[in-house]
Structures are given as structure tokens and as C-alpha cells.
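K.L.:
What follows is a predicted protein model with its sequence.
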Amino acid sequence: MVNPHENLKQEIMRQGAIQEVQQTVATFKSLEESLDQLLAIELTQLATQNLHLTELAAEIDDAEFSTELHILVNNNIKTRRQWLQTMILLCRNSIISSSAVLNRLADRQSHLKNNQ
């Protein structure tokens, strides 16, 4: 015999789980947008720093010092850009994975409702 209270309880718990996964997707989307904005801001700031350090390097008579300064500037920009782009890709992968789970949960919930 089917217990209607247990069925309702299970349906509520499944719906709660679906809502939490939806919130996870929304959180990752928001994080991705924030990281995109951060990337743009930081690259602008790094470009300004790069310009300043490049100007300093051009004014310094020591070629080895200037070369090291150029290397530092280029590595800082590349490293920060790569780190932020990696974080953005991880967010996108999480969105895709969470969305796929969300779709499967919603399908399963629908299937269970239709079979009751």
C-alpha cells in the first residue's frame, strides 16, 4: 500500500533538492560574470603597470636590469590572465555539469509524478 504522506514527503524533498541545484547553477553563473569583470579590470590595471614598468626599464641604463623587469611584467600579466581564465572555465564546466544534473533530476521528478 502506498503511503500518501510518505509520497508527499519524498516529493517535497526532491523538489527541495532541485531548487538547491538551481541555486548552485545560479551561483556559478554569477561567479562567472564576476570573474569576467575582474579579468577585464585586472588586465587594464596590469596594462597600466606594464606601461609604467616598461617606461622605467627603457630609462634604466642597465640592460640586464631592464630585461629582468620586462620579463617580470610579461610574466605577471600572463600568469594573472591564465589564472582568471582557468577560473572562468571551471565555472563554465560547473554550470554545464550542474545544469545536466538539474535536467536529469527534473526529468526523474516528472517521471515519478506521472507514475503516481
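P.N.:
Done, it's in.
K.L.:
low-confidence ranges in this protein?
P.N.:
1-2, 116 (pLDDT under 70).
K.L.:
Let's see that with 90 instead.
P.N.:
Scanning the chain for pLDDT under 90 picks out 1-14, 17-18, 32, 35-36, 38-81, 83-85, 87-88, 91, 102, 105-116.
K.L.:
so where's the longest helix in it?
P.N.:
When the chain is parsed with DSSP state H, its longest helix is helix 4-59.
K.L.:
Quick one: list the elements packing against that helix.
P.N.:
helix 63-114 (3 or more C-beta pairs under 8 Å, 6 or more residues apart in numbering; DSSP states H and E). Glycine gets a C-beta too; all of them are placed from N, C-alpha and C.
K.L.:
Check this structure and tell me which residue is nearest its centre.
P.N.:
C91 (2.8 Å; C-alpha atoms, centre = their mean).
K.L.:
that older thread, the longest helix of the chain to helix 63-114, inter-axis angle?
P.N.:
170 degrees (axes from the mean of the first three to the mean of the last three C-alpha atoms, to 10 degrees).
K.L.:
re the thing from before, which non-adjacent residue is nearest the residue nearest to the centre of the chain?
P.N.:
E32 (4.0 Å; C-beta to C-beta, 6 or more residues apart in numbering).
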